[in-house]
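Participant: Turn this into a model:
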Amino acid sequence: MKLNRVSGLLLGTSLIINAALALVGPFFPQEAEDKGVDINIIGYIFSAYPFSFVIISLIMPKILNKYSQRFMFIVGSITYAISVIGFGLLIFVDNELFLAMAITCRVLQGASNSVVYTTAYSVFSMQYEGNDIMQMNSYFKVTLGAGLVIGLLTGTLLYMVGGYCLPFIVFGVFFLCFVPCVIGYFPSKIEVSSDLKERLCANTNSEQQKSGQFIDFSSNQNIVNCKDQRFYSIRPSIKENLDDGNLRHKYSFDQEKRETLDVEHSNSSQRDSKRIKFEFHQDMEAGSQSLTQSIVTQIIMKCLILAILFLSLLNFAPAILSKRLEELKIHEYLYGLIFAIPCVVPVCSIFLVNQMMNKFNGNAVLITGTILMSFGFFIVAIESVFFFLIGISLLGFAAPFAILPLFPLMRNSLKSDYRNSNEAINALSGLYNAALGIGAIAGPLIGSHLYFYFGFFTTAYVLGNFCILLSIILFCSGGCCRSRDDVIECSDLSENPGVLNSSFLEPNILPVPSGRQFNKP
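Facilitator: Take a look at the predicted model:
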């Protein structure tokens, strides 16, 4: 896989963003408590970030279709840098103003991060496919963990030198200085890469490529040829006699008005031309439903639900972890190092997940991650610093098993009509980010409330048992899909939603990818 310049810029930006994001966890709760903010309110402040992340992620696909990815990336980066600096300035305000500014800065962080991440996933999906997108997603997660480690370690040193304010100011100003580098190298518009488009739309017969954009149906050969760059499953609404083996139907279609096509019937004795009405999949019918509704298959819906659940489980700790460290009588100067542990460990498991996805089905990887998470929760509840460190390390190790396979599964399970569509890829990126954001909202809220009412031990024990239950459900239900390689087959053949029956062609004819030949079943 070749790493291009744009992908490198996105990976570098992700590194800086996560380094700045890591500063909030270990340093903000103590500062908020000194300002008189209750522990439950701190949980709501933490949840303001993913809440705005979700809202912006849901509208980002439409924004990306209107504005260039370069413009949105720059706007998101500048806004994020300003919000980081704002967090550092909270030390100079008190009471209600402190709470209002904290929530505002957290909302801006979530919104700007959503803009940057949705743009990044959109770009990756347009540049890579299959194993390449899995590998790029792994690199992206590595920058997440590495950025958090850099932020925690560097932030701890800056905190020891200049107190609460200095780490936020340094990282915010550094990120602002990085933005001009992006402006100079980030292209104004990014389309699906030419190599990827050629692989999706290549015709197996070079002579057929020269024949233009139309669909041929030859009843005596039982072959359908599609020469368009999009994917269609044609369902004419009229009944024709196909008994004559010499009869040949030639369909030319209007890409803007897909509901009407020109059809030409010809054989040795007659020639006729007329316009007829065609019926496509429900997701292709004009005005029948939104693009987001159209692209969501059962596999994608399962992945979104799992993303919410896993992020909820993995994000219960940020709002209460510093309180737990205080209970264990650990010095606050070590908070950054301890917070860095679950960020370093995933770097090791990310590459293991890639190998497992090549050898085992995706459901086995997800179940493995869920079981590891349950062990992590049980161990972290033990009243010991040693077991606490082992537990959070195991949680960090389990995170890639639970999260990493989801987006590639979603990307590869797009309905065939949309695998080459920029708009569909943008919508899928927004949905994925929204699911992660919802999980990040629920995690701190659940964690802070369970901690407030039941304490840390009971909270960790309940979450560990929930992970065991979830692993059993995944095992019994079959998870998202059999394997990454089976995703396309699952989405096209197993689901095949909304296909309108017709007596013109066989009712279960396969969707025909552009430029390929498929025998009729």
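
Participant: going forward, measure contacts between C-alpha atoms and count neighbours the same way
Facilitator: OK.

Participant: Okay, now the unreliable bits of the chain?
Facilitator: 1-4, 126-134, 137, 186-297, 317-320, 322, 332-333, 335-336, 413-423, 478-521 (pLDDT under 70).

Participant: Domain ranges for it, per the record?
Facilitator: 5-194+288-477, 203-279+501-519 (automatic domain parsing).

Participant: Show me where the chain has its strands.
Facilitator: 215-218, 223-226, 235-236, 248-253, 260-266, 271-279, 517-519 (DSSP state E).

Participant: What distance do you get for residue 408 to residue 427?
Facilitator: Applying C-alpha to C-alpha, to the nearest Å, the value for residue 408 to residue 427 is 15 Å.

Participant: between the two, who's got more neighbours?
Facilitator: More crowded of residue 408 and residue 427, by other C-alpha atoms under 10 Å: residue 427, with 26 against 22.

Participant: Which residue comes closest to the more buried one once chain neighbours are left out?
Facilitator: Excluding the flanking residues, the one nearest residue 427 by C-alpha to C-alpha, 6 or more residues apart in numbering is residue 61, at 4.8 Å.

Participant: I figured that neighbour was touching residue 430, is that so?
Facilitator: Yes - counting by C-alpha atoms under 8 Å, residue 430 is a contact partner of residue 61 at 6.0 Å.

Participant: Compare these two (neighbour count), which wins?
Facilitator: residue 430 (31 against 26).

Participant: now that one: how far from residue 167?
Facilitator: 31 Å.

Participant: next one: residue 464
Facilitator: Distance, residue 464 to residue 167, by C-alpha to C-alpha: 34 Å.

Participant: next one: residue 8
Facilitator: In terms of C-alpha to C-alpha, residue 8 sits 25 Å off from residue 167.

Participant: Give the residue from those two that has the larger number of neighbours.
Facilitator: A count of neighbours by other C-alpha under 10 Å puts residue 167 above the other of residue 8 and residue 167, at 28 against 13.

Participant: which residues touch the more buried one?
Facilitator: 23, 88, 154-156, 158-159 (C-alpha atoms under 8 Å, 6 or more residues apart in numbering).

Participant: Find the residue closest to residue 108 in space, skipping its chain neighbours.
Facilitator: Once flanking residues are discounted, residue 108 sits nearest to residue 83: 6.0 Å by C-alpha to C-alpha, 6+ apart.

Participant: do residue 172 as well
Facilitator: residue 81 (4.6 Å).

Participant: Ok, residue 91 next?
Facilitator: With C-alpha to C-alpha, 6+ apart, the residue lying closest to residue 91 is residue 165, at 6.7 Å.

Participant: So that neighbour is in contact with residue 92, correct?
Facilitator: No - taking contacts as C-alpha under 8 Å, residue 165 lies outside contact range of residue 92: 9.1 Å.

Participant: Which of those two has more residues huddled nearby?
Facilitator: Between residue 165 and residue 92, counted using other C-alpha under 10 Å, residue 165 has the larger neighbour count: 19 against 8.

Participant: where's that one relative to residue 110, distance?
Facilitator: Distance from residue 165 to residue 110, by C-alpha to C-alpha: 20 Å.

Participant: which residues sit in contact with the nearest residue to residue 49 once chain neighbours are set aside?
Facilitator: In space, and not counting its chain neighbours, residue 49 is closest to residue 110: 4.3 Å by C-alpha to C-alpha, 6+ apart. Listed by C-alpha under 8 Å, 6+ apart, the contact partners of residue 110 are 48-53.

Participant: Could you single out the nearest of those residues to residue 401?
Facilitator: Residue 401 lies nearest to residue 50 out of the contacts of residue 110, by C-alpha to C-alpha, at 21.7 Å.

Participant: count of neighbours near the residue nearest to that closest one when sequence neighbours are not counted?
Facilitator: The shortest distance from residue 50 to any non-neighbouring residue, by C-alpha to C-alpha, 6+ apart, is to residue 437 (4.5 Å). When neighbours are counted by other C-alpha under 10 Å, residue 437 registers 28.

Participant: so who does residue 437 touch?
Facilitator: 50-51, 53-54, 308.

Participant: 6 Å instead, please
Facilitator: Residues counted as contacts of residue 437 (C-alpha atoms under 6 Å, 6 or more residues apart in numbering) are 50, 53-54.

Participant: Quick check: residue 99 vs residue 379, distance?
Facilitator: For residue 99, the distance to residue 379 equals 35 Å [C-alpha to C-alpha].

Participant: Can you pick out the residue with more neighbours from the two?
Facilitator: Legend: neighbour count by other C-alpha under 10 Å for residue 99 and residue 379, higher for residue 379 (24 against 19).

Participant: neighbours of the closest residue to the more buried one other than its chain neighbours, just the number please.
Facilitator: Leaving aside its sequence neighbours, residue 379 sits nearest to residue 391 (C-alpha to C-alpha, 6+ apart; 4.9 Å). By other C-alpha under 10 Å, 24 other residues sit near residue 391.

Participant: my guess is residue 391 contacts residue 378, does it?
Facilitator: No - counting by C-alpha atoms under 6 Å, residue 391 does not reach residue 378; the two are 7.5 Å apart.

Participant: where's the nearest residue to residue 36 once chain neighbours are set aside relative to residue 75, distance?
Facilitator: Nearest residue to residue 36 in three dimensions, chain neighbours excluded: residue 95, at 7.4 Å (C-alpha to C-alpha, 6+ apart). Per C-alpha to C-alpha, residue 95 is found 31 Å from residue 75.
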